[in-house]
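Novice: Okay, here's the prediction I keep looking at, along with the sequence it came from:
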Amino acid sequence: MSINGNSVSWDAQVSTDAGPGFPDFFSSHFADVTSIVRPIVNAAAAGTLSLTIGEGSSSDRIDGSSLVVVFDDPSQTNVSTVVLLFGGQATTGDTSALTLAEPFDSATQDIELSLAIGFSLQAGGQFSLIDVNGQRLTSSAGDFDDGALANGALYTVGGLGDDPANPPDPNATDFDDDELYTLNPLIGTGDTAIEIFSQNPSNDDIIHLATFIISGTAAIVGEGILLTPLNATNPVNTDHTVTASVQDDSGDPIANREVTFEVISGPNAGLTGTDDTNASGEATFTFTSAVAGIDVVVASFVNSEGATITSNEARKTWTDGDGDSDGDGIPDSEDNCPFTSNPNQEDADGDGVGDVCDNCPDTPNPNQADTDGDGTGDACEMMGDDTPPVCGAIVPEFDGPGGALSAVETSASDPESGIASVAFTSLVNLDGFV
């Protein structure tokens, strides 16, 4: 095969049975084509780019191909992860373990799944199904959405121009989905372990590529390593610890495995350390910095196949001044809620106190006075509260034409009811206002 006339050299090949009597019927191939695609994409104008894929003389036996391009965008501030799973689907189905570096939160994280399926037709009971955490996502994966009803064209892949909306009826086998799905509805808040099961009950289709696009956090699928926390800020000359979590193909922890840590950039570049994983599959590395700056740390281990696997990057910001007590990336001296995480620093009433820790978020009260200690600031204390406000001495002020010729007769405050009253007389026949 070729891309824009450039020959492709395969890095891996997998043969898969198509049920009893058809051993090694399917053949799937994988290649890293970065050296071919990068100069083409980088030189192109913004927008959709078309590439020519050559199949040579075997076109009638090659159903299709998927090209995955991952962009490095320095302007992005959120952590994102792309995971590619290549292989050949077992006739009994496959299970993949996806592990998130941070508990799932649909407000800040998003997970999409793309499938590439060959020899794909959706008729006569031929379909593929996907389960996420034991819940059915689709029973309609397959067909030849990106090909044609002919040998050498039975192919579909979730990608550009496809809709990630999930099938309205996950058990329907005749829905024309796009093999692009959003996993969010099937993941519980706080989950870190996600299980994905795929199967083609008729043994006719071959799922040979699954791509996970995870926005908002780092993640691994199968045997791999995660490094946390992803971001942290501390004053110089204080200790910081990163934790590497190592898992096997099933998502279970790997114990007694050596992990190597390295600061790959920043004021402490070149600093390294090692630690063996404990029973929970965790290893730690503690370091400090004498100067301000941003260190980038990675961890690595040797997997069961003898290959060195490197983790996601973890960023450590060292500051000359104070620290970041709540870990939201805002130094305490600049944080409008230094002890409650609020990276967006929202302050609706503009009083300098962030909404998440303001006892009157809609009423300016920079001093946060709360005389009765009920959690609601004095500035917005409502009558009818179970605890009445404390009433002090009444000092009335008069305004209006008769104000200067008015005299207080009586004044009183009742701490039980929280009601204050004042009576006054005016020496002239004019209105006065207290």
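Specialist: It's in.
Novice: phi, psi of residue 250?
Specialist: When read as degrees, to the nearest 10, the backbone of residue 250 gives phi -90, psi 0.
Novice: quick one: contacts for it?
Specialist: Applying C-beta atoms under 8 Å, 6 or more residues apart in numbering, we find residue 250 in contact with 95, 97. For the C-beta atoms, the positions are set from N, CA and C on the backbone; glycine is no exception.
Novice: Pull up the gap between residue 303 and residue 272, please.
Specialist: Going from residue 303 to residue 272 by C-beta to C-beta, to the nearest Å gives 20 Å.
Novice: If you count surrounding residues, which of those two has more?
Specialist: residue 303 (18 against 11; other C-beta atoms under 10 Å).
Novice: ok, that one - contacts?
Specialist: Residues in contact with residue 303, defined by C-beta under 8 Å, 6+ apart, are 223-224, 309.
Novice: Which residue ranges of the chain form helices?
Specialist: 34-43 (DSSP state H).
Novice: okay, now residue 355: neighbour count?
Specialist: Residue 355 has 17 neighbours, counted by other C-beta under 10 Å.
Novice: right, and it touches residue 345 too?
Specialist: No - if you go by C-beta atoms under 8 Å, residue 355 and residue 345 don't touch, sitting 9.1 Å apart.
Novice: Tell me where the stretch 201-350 of the chain has strands.
Specialist: In the stretch 201-350 of the chain, the segments counted as strands under DSSP state E, counting those that start in this stretch are 206-215, 219-221, 224-228, 231-235, 240-247, 258-265, 272-276, 282-287, 293-302, 308-310, 314-319.
Novice: how about CSV for those, with distance to residue 143 and mean pLDDT added?
Specialist: Below are the strands of the stretch 201-350 of the chain laid out as CSV (distance: least, C-beta to C-beta, whole Å; pLDDT from 0 to 100):
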stretch, distance to residue 143, mean pLDDT
strand 206-215, 13, 88
strand 219-221, 25, 88
strand 224-228, 32, 94
strand 231-235, 42, 88
strand 240-247, 34, 96
strand 258-265, 44, 96
strand 272-276, 49, 97
strand 282-287, 44, 97
strand 293-302, 40, 95
strand 308-310, 35, 94
strand 314-319, 42, 90
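Novice: Out of the ones you listed, which gets nearest to residue 47?
Specialist: Closest to residue 47 of those is strand 206-215 (C-beta to C-beta; 20.2 Å).
Novice: which parts of that closest one are buried?
Specialist: Using 16 or more other C-beta atoms under 10 Å as the test for burial, strand 206-215 gives 206-214.
Novice: and those residues, which two are the farthest apart?
Specialist: Farthest apart among the buried residues of strand 206-215 by C-beta to C-beta are 206 and 214. That separation is 24.8 Å.
Novice: thinking again about what came up before, the strands of the stretch 201-350 of the chain: which one's closest to residue 108?
Specialist: So among the strands of the stretch 201-350 of the chain, strand 206-215 is nearest, using C-beta to C-beta, at 8.7 Å.
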